[in-house]
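1. Below: sequence and its predicted model.
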Amino acid sequence: MRVDIRVHDIDCTDALRQHLERRLRFALGRFDGRVLRVTARLADVNGPRGGADKRCQLRALLRPAAQVVVDDTDADLYAAIDRATERMGRAVTRAVQRARAMAAPATRRAPDWSAL
């Protein structure tokens, strides 16, 4: 899984980068063969005005040809990252389960002739 981090109006420190990568690997580690790339966009929406303005948008590209996008905003960027990665883990789980259900052959039951 490749992780690309893009920032806008935020200083991306090594601690922030390591926190994001650690949380992504924890949330998506079991889907390592399915998740090809995760793009994280970190931004300060309001600039110096303050408030709940730190945004973390995660976009995961899954195999085969699926995409999952999660977005979260909070006053604390670490909290936004934590919630977004948790939501990404649940969303990827649902997407993988859906893909497996679509790929599985339909099971048919044998007719119950004893009722006749």
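-> Sure, I can see it. Numbers count the residues shown, from 1 in each chain.

2. how about the strands in the chain?
-> With DSSP state E as the criterion, the chain has strands at 2-8, 35-44, 54-62, 66-74.

3. Of these, which stretch is the most buried?
-> Stretch with highest mean neighbour count among those: strand 54-62 (a mean of 21; mean count of other CB atoms under 10 Å). C-beta here means a position set from N, CA and C on the backbone, and glycine is covered the same way.

4. ok so, going back, of all the strands of the chain, which lies closest to residue 21?
-> In terms of CB to CB, the element of the strands of the chain nearest to residue 21 is strand 2-8, at 5.6 Å.

5. and the angle from that closest one to strand 54-62?
-> Counting by axes from the mean of the first three to the mean of the last three CA atoms, to 10 degrees, strand 2-8 lies at 150 degrees to strand 54-62.

6. Give me the contact list for strand 2-8.
-> Residues outside strand 2-8 that contact it (CB atoms under 8 Å, 6 or more residues apart in numbering) are 12, 17, 20-21, 24, 36-44.

7. who does it pair up with?
-> strand 35-44 (parallel) (DSSP bridges).

8. Residues contacting the strand it pairs with, please?
-> By CB under 8 Å, 6+ apart, the list of residues contacting strand 35-44 reads 1-10, 12, 16, 20, 24, 28, 53-63, 77, 81, 88, 92.

9. list the contacts for the residue nearest to residue 33 when sequence neighbours are not counted?
-> Spatially, and ignoring its direct neighbours in sequence, residue 33 is nearest to residue 63 (7.3 Å; CB to CB, 6 or more residues apart in numbering). Residues counted as contacts of residue 63 (CB under 8 Å, 6+ apart) are 33, 34, 35, 36.
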